[in-house]
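Engineer: no sequence on this one, just coordinates:
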């Protein structure tokens, strides 16, 4: 018998490892755009899922952002059916908030959530690769993002809204490997024109920035960035665990909000103090603070000279005696 192509074998191993954490009888959805990454993922899932007692289906989101998108979505669904997956195509309306990339991403996430809910799926499989992870880290560096954002994408994360798991089995797999796997399997990927449109920052990182880094600093940049993301995710998880262990002991209800002990914040090192502040605002008011906003709140603890309330996204912070109080901003819903 001919040996299995190495690219196909690598992707199957990655998918098998991700699916092995699911309970037999569960349903999994593959987010299938028709591109090489998601098509290779779909083929591996179609092969591995039945062996683990899992039902596998695909969902293709048609954003309607370019001519022929409906035909491309239908072609992806046909490819899924040929692989043995139950295909679903969903058409979405993409808004404008946050720019075209962010708006499309949010519309896609909503569609995948709805599809998973409708199918009773335990997990949605996403085709992000090591290259995508490296690009995410570089984009985070350009924004001046903190360690949590630089941690990139998680291989396994429960959706906050539905509890469905987002699985990314290919985060250790290179994009070239998914293309090779498709070629070896006789699969023809769809080439999304947006993936070569330099209006988008991610495309510029992929086509210009990473190649220059590889040329000037040597090969292995993408792998190094992915390793950095993994290490930062471990650090972020450790901080999150520390916060979870201590947060109930240092917070208390306050009028229209929540209050945190000044003494407890002062007793913690800056890294943990700042994370507690961001955690309180995020969990209570569903808003994210910038670095500058976080430091301004921290000054109420470390450099208090009678300064007044600080206006923040969705809330207001002020010091009252032994507490830092966070209350809903005037007029906030």
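Structural biologist: Thanks, I have it. Just so it is clear, the structure is predicted and the values come from calculations on it, not from any experiment. Numbering: from 1, shown residues only.
Engineer: Identify the residue nearest the geometric centre of the chain.
Structural biologist: residue 153 (4.4 Å; Cα atoms, centre = their mean).
Engineer: Report the contact partners of residue 19.
Structural biologist: Contact analysis of residue 19 by Cβ atoms under 8 Å, 6 or more residues apart in numbering lists 28, 45, 48-49, 52, 54, 167, 169. For the C-beta atoms, the positions are set from N, CA and C on the backbone; glycine is no exception.
Engineer: Kindly provide the distance from it to residue 54.
Structural biologist: Between residue 19 and residue 54 the distance is 6 Å, computed by Cβ to Cβ, to the nearest Å.
Engineer: Now do the shared contacts for these two.
Structural biologist: Common contact partners of residue 19 and residue 54 (Cβ under 8 Å, 6+ apart): residue 28.
Engineer: list the buried ones in stretch 173-180?
Structural biologist: With burial defined by 16 or more other Cβ atoms under 10 Å, the residues of stretch 173-180 counted as buried are 173-175, 177-180.
Engineer: Let's have the residues you listed in JSON lines, adding secondary structure and distance to residue 91.
Structural biologist: Listed next are those as JSON lines, based on DSSP: H, G, I helix; E, B strand; the rest coil; distance: Cβ to Cβ, whole Å:
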{"residue": "173", "secondary structure": "coil", "distance to residue 91": "30"}
{"residue": "174", "secondary structure": "coil", "distance to residue 91": "32"}
{"residue": "175", "secondary structure": "helix", "distance to residue 91": "27"}
{"residue": "177", "secondary structure": "helix", "distance to residue 91": "31"}
{"residue": "178", "secondary structure": "helix", "distance to residue 91": "26"}
{"residue": "179", "secondary structure": "helix", "distance to residue 91": "28"}
{"residue": "180", "secondary structure": "helix", "distance to residue 91": "32"}
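Engineer: roughly how far apart are residue 179 and residue 31?
Structural biologist: 18 Å.
Engineer: next one: residue 160
Structural biologist: For residue 160 relative to residue 31 (Cβ to Cβ), the value is 18 Å.
Engineer: more neighbours, those two?
Structural biologist: residue 31 (23 against 6; other Cβ atoms under 10 Å).
Engineer: Excluding chain neighbours, what is closest to that one?
Structural biologist: Nearest non-adjacent residue to residue 31, counting by Cβ to Cβ, 6 or more residues apart in numbering: residue 126, 5.2 Å away.
Engineer: ok now do the one you found, which residues does it touch?
Structural biologist: Taking Cβ under 8 Å, 6+ apart, one finds 31, 38, 41, 166-168 in contact with residue 126.
Engineer: let's go with 10 Å and repeat that
Structural biologist: Listed by Cβ atoms under 10 Å, 6 or more residues apart in numbering, the contact set of residue 126 reads 29-31, 37-38, 41, 108, 112, 132, 153, 155, 166-171.
Engineer: and if you look at residue 296?
Structural biologist: 277, 289-290, 307, 310-312, 317.
Engineer: Try it again at 7 Å.
Structural biologist: Listed by Cβ atoms under 7 Å, 6 or more residues apart in numbering, the contact partners of residue 296 are residue 310.
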